[in-house]
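Participant: Next come a sequence and a model predicted from it.
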Amino acid sequence: HTHTKHTSNNPTMVLLRLVGKVVSNSEKTANVLVTRLVRHRVTDKMVKTQKKFLAHDETNKHLPGDIVRIEECRPLSRRKHFTVIETVKLAPRVNASTTDATTNTSI
């Protein structure tokens, strides 16, 4: 599932948990694209819907391409009301140190 309901310590409060892909990141904020399959009301077919959520990323370690789980929280700003709780899958990292120095062939 891409989303689940989770109850916090308060029994009357239900928190929404979603799984999505980090599209972009800035200072302590990750833009997460969540894709869901929803049944169309008229045609009764499964339709893919997408929505972007701004999520708080305290460590600022999530890079574009990472799959993360986000959880609903109190409003942190006008559009940010989710927080990143865990990394489901890391995107492949490209290091500048892995490039071979011998590829520079200037004679």
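Facilitator: Thanks, I have the structure now.

Participant: three-state assignment of residue 41?
Facilitator: coil (DSSP: H, G, I helix; E, B strand; the rest coil).

Participant: residues in contact with it?
Facilitator: Applying Cβ atoms under 8 Å, 6 or more residues apart in numbering, we find residue 41 in contact with no residue. Backbone N, C-alpha and C define where each C-beta goes, glycine included.

Participant: measure it to residue 69 for me?
Facilitator: To residue 69, residue 41 is 29 Å away according to Cβ to Cβ, to the nearest Å.

Participant: Run through the strands of the protein in chain order.
Facilitator: When assigned using DSSP state E, the strands of the chain occupy the ranges 3-7, 14-26, 29-39, 46-56, 67-72, 80-89.

Participant: looking at those strands, which is buried most?
Facilitator: Comparing the strands of the chain by mean neighbour count (mean count of other Cβ atoms under 10 Å), strand 67-72 comes out on top with a mean of 19.

Participant: Cool, thanks, talk later.
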